[in-house]
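> With the sequence up front, the predicted model follows.
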Amino acid sequence: MAEGGCIGLEINLPVELWQVVVGFIDDMATLRSLSLTSHYLHEIAQPYLFTYVLVEPLPVDCTKGITAFAKFSQRIPRLSGMVRRLSLHEKDRVNSRLAGLDLDDLERILGSLPNLKDLSISTPLRWNAGPPPTRTPRSTPIVVDGRGAVTLDTLTVDVLQHCDRAHPCPALLIQRLLSLFREIKYLDLARFVGEHCDCSIKYPLVNIPPRMRRYHQHVAFMHPGTHPTIHAVGTPKSWRDLNFPIRFILQALSPLTSLTIARDSAKHVPFWSDFFRDLGSSLRQCEFQDVDLAWPQRWDCLAMSSCTSLETLIINGYIGKLSCPDQMTTPLLYTLTNLLNDFHHPTLETFIIKISITSSDEESPDNSTLGTDWRCLRQHLLPCTKLQRLEFHLNAVSPRGIALDTSLLQATVRAELEGWHRRGILEVKEL
């Protein structure tokens, strides 16, 4: 055990115990005060002070915050080695070509933070040393050299490009950004608002799937690259943010093993159909998170039959929002049946369904909300010969947010699942 220390109050504890105590302090002001108490506590508290670093523009010069941090991280390697989480954030919108994050600065920052695990980018991107903007279609691909050596647990991208930006092509910025990493365990695509590729063929003004597909294929040809290994991806929550840069990232990635489709982005059924058809064969887990399950016709074209390696499917959704009271007329089983249309994968092992129901009145939901015809759902799931877990999690609230009784629905689901269990089909889980 390491030698202990005294802080002047006759409290003499081993270093390991002080580290445990300081580790429970999550208030930065308290940690900072503790580090100024004595040299002994300074050495213990300092690693916790630099575990998370937030970089914002300097008050005197809004264009130099990130650049100053890049120089700092290279100048003091001892402190740089303590950083585990880094957030590069533009606090205020700054209409300047020099504002935001230069990707060459980011490369230098990553090279000086050997223990970095989580990176969040919430600032416009630029690449001053990159190819100059052409604003006209090119005939030869733009090659970005190298595959980075950085491995991250989480990379969060929340980018809102300025109209007057240093480089006009978001696809090139994405190409350069992804080239800095070797492996990303979870890529959170919160937002990437930017224009279309200036290097490619003309963007189709009409949103016709064949034209859009041809356009994205040409963009991928113009911006090839050795992309990092990415295990899981989360999509934007708003359907408006599922725009060209986000679609380019999703289609340019190496095969994924896990995908989370969040909220309104699930409404882009044609895009996800193409995605599953082209890239779904590598997916092992797919989750629909907080999605609207009211209209089943939205789900019957998802082409999930292409996800031939899928082991876990999670549907976390809601029905019966107050803005559309007539949504409650569609039984949930009918929606699930449409989602699993032509779904016949023997690899599926876990199917979890979490439903939040907003009742149109103060009455508890009855079986008309769930539906009573289980035959189609059984027919879709029976070919899944490895299926061991089928879970239903149901909760209901009134228009005023009061929790309602769902015991009737739970009893219906439990009786159905127990019938499946008696036939040796599924492992029954308590609701």
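Looks like it came in fine. Numbers count the residues shown, from 1 in each chain.

> Now the longest helix belonging to the chain - C-alpha only, PDB.
In the chain, ranked by residue count with DSSP state H as the criterion, the top helix is helix 407-422. C-alpha atoms of helix 407-422 as PDB (Å, rounded to 0.1, in the frame of the first residue of the first chain):
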ATOM      1  CA  SER A 407     -52.600  -5.100 -15.800                       C
ATOM      2  CA  LEU A 408     -55.200  -6.200 -18.300                       C
ATOM      3  CA  LEU A 409     -52.700  -5.800 -21.200                       C
ATOM      4  CA  GLN A 410     -50.000  -7.500 -19.200                       C
ATOM      5  CA  ALA A 411     -52.200 -10.500 -18.500                       C
ATOM      6  CA  THR A 412     -53.100 -10.800 -22.200                       C
ATOM      7  CA  VAL A 413     -49.400 -10.700 -23.200                       C
ATOM      8  CA  ARG A 414     -48.400 -13.100 -20.400                       C
ATOM      9  CA  ALA A 415     -51.000 -15.700 -21.400                       C
ATOM     10  CA  GLU A 416     -49.900 -15.500 -25.000                       C
ATOM     11  CA  LEU A 417     -46.200 -15.900 -24.200                       C
ATOM     12  CA  GLU A 418     -46.900 -18.800 -21.800                       C
ATOM     13  CA  GLY A 419     -48.600 -20.600 -24.600                       C
ATOM     14  CA  TRP A 420     -45.600 -20.200 -26.700                       C
ATOM     15  CA  HIS A 421     -43.400 -21.400 -23.900                       C
ATOM     16  CA  ARG A 422     -45.400 -24.500 -23.400                       C
END
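
> list the buried ones in it?
By neighbour count on 16 or more other C-beta atoms under 10 Å, the buried set for helix 407-422 is Leu409, Gln410, Thr412, Val413, Glu416, Leu417, Trp420. C-betas here are computed from N, CA, C, even on glycine.

> Break the chain down into its domains, please.
Domain segmentation of the chain under automatic domain parsing yields 1-48, 49-428.

> For those domains, which has the smallest mean pLDDT value?
Lowest mean pLDDT within the domains of the chain: domain 1-48, a mean of 68.

> number of nearby residues for the spatially closest residue to Gly148 that is not a sequence neighbour?
Using C-beta to C-beta, 6 or more residues apart in numbering and skipping the chain neighbours, the partner closest in space to Gly148 is Leu180 (4.0 Å). By other C-beta atoms under 10 Å, the residues close to Leu180 number 23.

> I figured Leu180 was touching Leu152, is that so?
No. Using C-beta atoms under 8 Å, Leu180 is not in contact with Leu152, being 9.9 Å away.

> about what we covered before: dump the residue contacts of the residue nearest to Gly148.
Leu103, Leu106, Glu107, Leu110, Gly148, Val150 (C-beta atoms under 8 Å, 6 or more residues apart in numbering).

> which of those are the two that sit furthest away from each other?
Spanning the widest gap among the contacts of Leu180 are Leu103 and Val150, at 12.8 Å by C-beta to C-beta.

> more neighbours, these two?
Leu103 (22 against 19).

> Quickly note the distance from the more buried one to Leu86.
Here Leu103 is placed at a distance of 15 Å from Leu86 (C-beta to C-beta, to the nearest Å).

> quick one: Arg182 and Arg284, what's the gap?
21 Å.

> Could you do Phe221 as well?
Phe221 is 29 Å from Arg284, by C-beta to C-beta.

> for Leu119, same thing?
From Leu119 across to Arg284, the span is 25 Å (C-beta to C-beta).

> So for these two, which residue has more residues nearby?
Between Leu119 and Arg284, Leu119 has the larger neighbour count (other C-beta under 10 Å), namely 23 against 17.

> Now do the phi/psi pair for the more buried one.
With angles defined as degrees, to the nearest 10, Leu119 sits at phi -130, psi 130.

> beta partners of it?
Leu86, Leu155 (DSSP bridges).

> ok now do it, which residues does it touch?
Per C-beta under 8 Å, 6+ apart, neighbours of Leu119: Arg85, Leu86, Ser87, Leu88, Leu110, Leu152, Thr154, Leu155, Thr156.

> hmm, 10 Å instead?
Residues near Leu119 by C-beta atoms under 10 Å, 6 or more residues apart in numbering: 85-88, 106, 109-110, 113, 150, 152-157, 180-181, 184.

> any idea how far Leu110 is from it?
Leu119 is 8 Å from Leu110, by C-beta to C-beta.
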